[in-house]
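Participant: coords please:
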Amino acid sequence: MSLGAGLRTNTLWVLTGDLGVQLVSLGFGVVLARLLVPADFGLLVTVQILTGALGFLAANGTSEALVRAKVLGPRDVRTLFALLLVSCTAICAALNLIAPAFAAWFGDPRLEPLLRLSSLGFLLRPFMAVPTALLHRAMRFREFSVLMFAGGLSAGLASTLLAFLGLGAASLALGGLVGALVRTLLSARRAGWVPALGFDPAAARTLGVYGFKLSVNDIIQYARAQTANTLISRHLGAGPVGLYNKGDSLAEMPNDLLSGAAYQTLFRALASLQDDREQCAAVFLSALTLVSFYAMPLYVGLLWVAEPLIVVLYGEPWAAAALPLQVLALAGPLRVIANLSRAVAASHNQLGREIRIQLETLALLVCGTAIGLHWGLVGVAVCALPGFIHNAARLAGLANRTLGLGWGRLGRALWPILRLNGIMALVLAATDLALTTAGLAGSRVLYLAAMVGAGGALYGAVLLLLPPLGLQGESRRWRTLTQPRFLRSIIGRK
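Facilitator: Predicted coordinates for the structure are as follows:
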């Protein structure tokens with residue numbers, strides 16, 4: 001199997017797993033949104049501001065260092081497990097100690113027991129991180145995807161049952177623990193890994209130097225993502241942060257689903273090719289073109305369907321999340337470019353430069369959010385846009401310099417997709433006008449169906465009949481899949 005075919009196959013498996021997890025999460029999210037109130041989600045989001053940041057500190061980037069290592073032995077694996085066990089146990093204990101102060105700072109006593117409950121997840125992390133990294137290193141993405149789906153399904157079922165029993169925000173935290181436990185047990189079994197302690201100073205240094213840079217970078221990026229949630233929770237309360245997080249999570253979903261899947265396989269491929277600059281450039285541009293082709297129409301569509309989508313899925317209490325979602329959708333394509341550019345930086349050990357870019361972006365987002373709070377949730381979303389623009393431009397520039405691409409080559413890879421989505425925007429605007437004129441826009445379900453149908457029909461026709469440059473292979477695969485079976489058999493005989 002060629003590298004390109006292997007990259008596509010592995011990405012497809014990760015995408016399938018992520019899609020399954022996202023669909024399960026969306027389905028259970030719809031149910032939970034009707035069993036719980038926005039404030040319940042806001043409480044968990046507030047707790048996750050801290051636990052998420054400490055999660056990166058606990059891992060110390062060593063799992064990714066294990067994946068990237070050219071040579072790996074049993075002593076490296078045992079050393080990694082020992083490092084994770086010590087750091088995660090210490091963080092669990094620290095969270096329990098600071099829980100009262102954390103709740104007092106946000107002015108909500110409900111946060112104290114919720115933080116203590118969430119801290120238990122750190123005790124599972126070492127037992128899940130090592131076998132997951134081993135599967136990733138071996139490029140066993142099919143098994144990895146199945147494990148992700150099983151964990152997501154278990155978490156959703158547990159959270160729904162506990163919410164039905166009236167546990168409120170605690171049901172979300174407990175469901176997450178159940179999902180993590182299922183993933184831990186299954187990943188250890190599939191990787192054939194048995195926990196064993198050991199410590200090799202040389203291995204610790206090798207894993208730690210790269211891992212520390214990656215950890216710092218991830219913490220900064222996480223702080224960027226949580227800037228709005230932190231300030232909204234602090235100044236506006238749990239309800240508004242629940243609404244904003246709903247809009248932001250929906251805006252992030254296409255990026256998480258598509259570029260997140262591509263990132264894992266792209267990072268592994270680029271790491272294995274890091275001495276071949278031109279081949280790395282070709283692989284990066286291929287991934288960027290493919291992911292942008294599928295992600296960009298989702299963001300264009302959200303500009304029109306955000307409000308009916310949220311109300312149909314989650315109900316009227318969540319309608320205020322629609323406007324922030326529309327604004328944040330504008331930054332969606334920028335998130336895709338930035339995320340795939342990060343794979344270049346990570347695989348070519350350019351993390352020091354990326355850290356500076358993330359710090360610049362963090363400063364922009366903190367200032368923007370502080371200013372935007374004066375105009376509510378929509379103001380926060382609008383003032384976040386300059387940060388997204390800066391981040392994408394700087395990271396794309398770093399990828400260009402690392403691979404010797406040049407802006408012209410990058411632009412040529414994206415221009416056909418930008419042009420196609422401009423046409424799609426015109427089609428959606430015309431469809432919206434027609435529905436409004438006919439008095440049909442008031443039916444949210446009908447409006448959603450018509451807009452999705454119009455956009456999907458255009459995009460599907462272009463992919464099958466007039467594929468953009470660089471996507472001819474993808475077009476052939478879809479034509480093969482959409483041909484009737486009897487026609488495929490006739491063509492095969494010829």
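
Participant: and the residue nearest the centre of the chain, which of the three is it?
Facilitator: With distances taken as Cα atoms, centre = their mean, Asp256 lies nearest the centre of the chain, 2.6 Å away. Three-state assignment for Asp256 (DSSP: H, G, I helix; E, B strand; the rest coil): helix.

Participant: confidence score at it?
Facilitator: For Asp256, the pLDDT comes out at 84.

Participant: any idea how far it is from Leu426?
Facilitator: 28 Å (Cβ to Cβ, to the nearest Å). Where C-beta positions appear, they are placed from N, C-alpha and C, glycine not excepted.

Participant: buried stuff in the longest helix anywhere in the chain?
Facilitator: Counting residues, the longest helix found in the chain (DSSP state H) is helix 277-314. Residues 279-281, 283-311, 313-314 are the ones in helix 277-314 that count as buried (16 or more other Cβ atoms under 10 Å).

Participant: low-confidence ranges in this structure?
Facilitator: Counting by pLDDT under 70, the chain has low-confidence residues at 1-19, 57-71, 206-211, 469-470, 481-494.

Participant: Next one: Ala346 from Pro324, what distance?
Facilitator: Between Ala346 and Pro324 the distance is 30 Å, computed by Cβ to Cβ.

Participant: same thing with Ala370?
Facilitator: Counting by Cβ to Cβ, the separation of Ala370 from Pro324 is 16 Å.

Participant: now swap in Arg140 and tell me
Facilitator: 38 Å.

Participant: ditto for Gln350
Facilitator: 33 Å.

Participant: Please identify which of these two sits among more neighbours.
Facilitator: Higher neighbour count among Gln350 and Pro324: Pro324, with 27 against 18, using other Cβ atoms under 10 Å.

Participant: Make sure that one is actually in contact with Asp248.
Facilitator: Yes - counting by Cβ atoms under 8 Å, Pro324 touches Asp248, with 7.0 Å between them.

Participant: The helix or strand hosting Leu426 to helix 277-314, inter-axis angle?
Facilitator: Counting by DSSP states H and E, the element that carries Leu426 is helix 407-437. Here the directions of helix 407-437 and helix 277-314 differ by 20 degrees (axes from the mean of the first three to the mean of the last three Cα atoms, to 10 degrees).

Participant: Toward the C-terminus, what is the element adjacent to helix 407-437?
Facilitator: helix 444-465.

Participant: Hmm, Thr431 is touching Ala449, no?
Facilitator: No - counting by Cβ under 8 Å, Thr431 does not reach Ala449; the two are 10.9 Å apart.

Participant: So which of the two has more stuff around it?
Facilitator: Set Thr431 next to Ala449 and count neighbours by other Cβ under 10 Å: Thr431 wins out with 18 against 12.

Participant: residues near the residue lying closest to the more buried one once chain neighbours are set aside, how many?
Facilitator: The shortest distance from Thr431 to any residue other than its chain neighbours is 4.4 Å, reached at Ala454 (Cβ to Cβ, 6 or more residues apart in numbering). For Ala454, the tally of surrounding residues (other Cβ under 10 Å) stands at 20.

Participant: May I have the residues that are in contact with Ala454?
Facilitator: By Cβ atoms under 8 Å, 6 or more residues apart in numbering, the contact list for Ala454 reads Val427, Leu428, Thr431.

Participant: Distance of it relative to Phe293?
Facilitator: Following Cβ to Cβ, the distance that separates Ala454 from Phe293 is 18 Å.

Participant: On the three-state scheme, Ala196 is what?
Facilitator: Under three-state DSSP, Ala196 falls in the coil class.

Participant: which phi and psi does it have?
Facilitator: Backbone torsions of Ala196, given as degrees, to the nearest 10, read phi -150, psi 130.

Participant: Could you double-check that it lies in contact with Phe81?
Facilitator: Yes - proximity of Ala196 to Phe81 meets the contact threshold set by Cβ under 8 Å, at 7.0 Å.

Participant: neighbours around Val380, how many?
Facilitator: Residues lying near Val380 (other Cβ under 10 Å) number 29.

Participant: Same check on Ala169?
Facilitator: Neighbours of Ala169 using other Cβ under 10 Å come to 26.

Participant: What residues does it make contact with?
Facilitator: Applying Cβ under 8 Å, 6+ apart, one finds that Ala169 lies in contact with Leu36, Ala39, Asp40, Phe41, Leu43, Leu44, Arg110, Leu114.

Participant: Distance of it relative to Leu35?
Facilitator: As judged by Cβ to Cβ, Ala169 and Leu35 stand 12 Å apart.

Participant: next one: Leu290
Facilitator: 38 Å.
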